[in-house]
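1. sequence-free structure coming up:
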Ligand SMILES: Cc1cc2nc3c(=O)[nH]c(=O)nc-3n(C[C@H](O)[C@H](O)[C@H](O)COP(=O)(O)OP(=O)(O)OC[C@H]3O[C@@H](n4cnc5c(N)ncnc54)[C@H](O)[C@@H]3O)c2cc1C
C-alpha cells in the first residue's frame, strides 16, 4: 500500500552538496569510466530528457512505461490517470531517462555503439494527495515539457486533480552514465582495414507549430511556443 504521508522523505541533506549514491545497485560495474557521480550530471540528464521510462512490477510482471516527467533538486515527478496500474502499485520502481546522442560507427561491428546520457533512479515513490502539493508537482512537470504552458493554459480543476495521480520519487538513489567518445578501435589492428569510422550525431529539434483544425482564426501561436521552433529539444 501507499505510504500515507504526503510529501517527500527527509533525504540525506542538501542535494547539491553530495555525490550521487553508491548503493549495490547503483554502483557501475561495466564501462565504469562512463559512470558519473556528480549530482550536476544527474540534473543535466534530467534537464535534457523529456521522456522517462517507468519500470515497475505489476501483479508480479515487469512493465516499462514511457511517460513525461518533471524534476527539481530533490525529486522527479511522474503523473497519469488514477486508474493507471503502473502508477498505483505502491511498490519500488526504477525510472530511466535516456538522451540518445548518436551512433558510434567503428571498423568492426563488435565495437559499434551509441553515445548517450542516461540516468536511472530507484526507490518507492509517494503518491501526492494534497491538492497544493499536487498543483506544484504538475506545474513542475508541465514546465519541464512545455515551459510557459502552465500559466498560459487553464489549470486543473479539483475534479481533474482528483482524476490525476502524481508520483514523486526522491533522487537519493540514482546512477548516471554518459558515453560520448569516438570508436574504440582506432588503434586496433582493424584500423588497417581502411574503413571509415566515426560518430553520427543525432540532433532533435522542435518543428513548426501546427494549429488545431478547431482553432478559430485570429488566435496566434503564443510566443513561448513560437520561440521553440527549430530549437534543440
Ligand atoms: C540508448 C542506449 C543504448 C544502449 N545500448 C546497449 C546495447 O546495445 N548493449 C549493451 O550492452 N549496452 C547498451 N547500453 C548500455 C547499457 O545501458 C548498460 O549501461 C550496459 O549494458 C551495462 O549493463 P550492465 O547490466 O552490465 O550494468 P552494470 O554496470 O552492471 O550496472 C550497474 C548499475 O549501474 C547503473 N547503470 C547501468 N547502466 C546504466 C545506464 N545506461 N545509465 C545509468 N545508469 C546505469 C545501474 O544503476 C545499474 O544497476 C545502452 C545505453 C543506452 C543509453
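-> Received the coordinates, thanks. Note that this is a predicted model, so its numbers are computed, not measured.
2. and residue 174, what element?
-> Following DSSP states H and E, one finds residue 174 within strand 173-179.
3. right, and residue 37 touches residue 22 too?
-> Yes: using CB atoms under 8 Å, residue 37 makes contact with residue 22 at a distance of 7.4 Å. Any C-beta I mention is one placed from the backbone N, CA and C, and that applies to glycine too.
4. ok so, going back, show residues contacting the strand holding residue 174.
-> With CB atoms under 8 Å, 6 or more residues apart in numbering as the test, strand 173-179 has contacts from 20-21, 23, 25-28, 31, 34-37, 41-42, 45, 101, 104, 113-123.
5. near the ligand too, which of the residues you listed?
-> 25, 26, 28, 114, 116, 118, 119, 120 (CB under 6 Å from any ligand atom).
6. in strands, which of those residues fall?
-> Per DSSP state E, strands hold the following members of these: 114, 116, 118, 119, 120.
7. re the thing from before, would you mind listing which of the ones next to the ligand among the contacts of strand 173-179 are buried?
-> Among these, the ones that count as buried by 16 or more other CB atoms under 10 Å are 26, 116, 118, 119, 120.
8. save those as JSON lines, and put in pLDDT too.
-> Shown next, in JSON lines, are these (pLDDT from 0 to 100):
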{"residue": "26", "pLDDT": "91"}
{"residue": "116", "pLDDT": "98"}
{"residue": "118", "pLDDT": "98"}
{"residue": "119", "pLDDT": "98"}
{"residue": "120", "pLDDT": "97"}
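9. for those residues, which one is nearest residue 199?
-> Residue 199 has its nearest neighbour among those in residue 116, at 12.0 Å by CB to CB.
10. that closest one contacts residue 104, correct?
-> No: the criterion here is CB under 8 Å, and residue 116 misses it with residue 104 at 9.9 Å.
11. tell me which residue lies farthest from the centre of the chain.
-> Distance from the centre of the chain peaks at residue 192, with 40.7 Å (CA atoms, centre = their mean).
12. distance of that residue from residue 182?
-> Distance from residue 192 to residue 182, counting by CB to CB, to the nearest Å: 17 Å.
13. any part of stretch 199-211 near the ligand?
-> No: using CB under 6 Å from any ligand atom, we find that stretch 199-211 stays clear of the ligand, coming within 10.2 Å at best.
14. who's in contact with that stretch?
-> By CB under 8 Å, 6+ apart, stretch 199-211 touches 100-105, 115, 182-183, 219, 221, 225-226, 228-233.
15. separate out the buried members of these.
-> Counted by 16+ other CB under 10 Å, the contacts of stretch 199-211 give 101, 102, 104, 105, 115, 183, 225, 228 as buried.
16. now for those residues: which two are most distant?
-> Using CB to CB, the two most remote members of these are 183 and 225, lying 39.3 Å apart.
17. what's the longest strand seen in the chain packed up against?
-> For the chain, the strand with the greatest residue count under DSSP E is strand 93-105. Here strand 93-105 touches helix 39-48, strand 51-58, strand 113-123, strand 198-201, going by 3 or more CB pairs under 8 Å, 6 or more residues apart in numbering; DSSP states H and E.
18. buried deepest among these, which one?
-> Most buried of the helices and strands packed on strand 93-105, by mean neighbour count (mean count of other CB atoms under 10 Å): strand 113-123, with a mean of 20.
19. regarding this protein, what is its longest helix?
-> In the chain, taking DSSP state H as the definition, the longest helix is helix 131-145.
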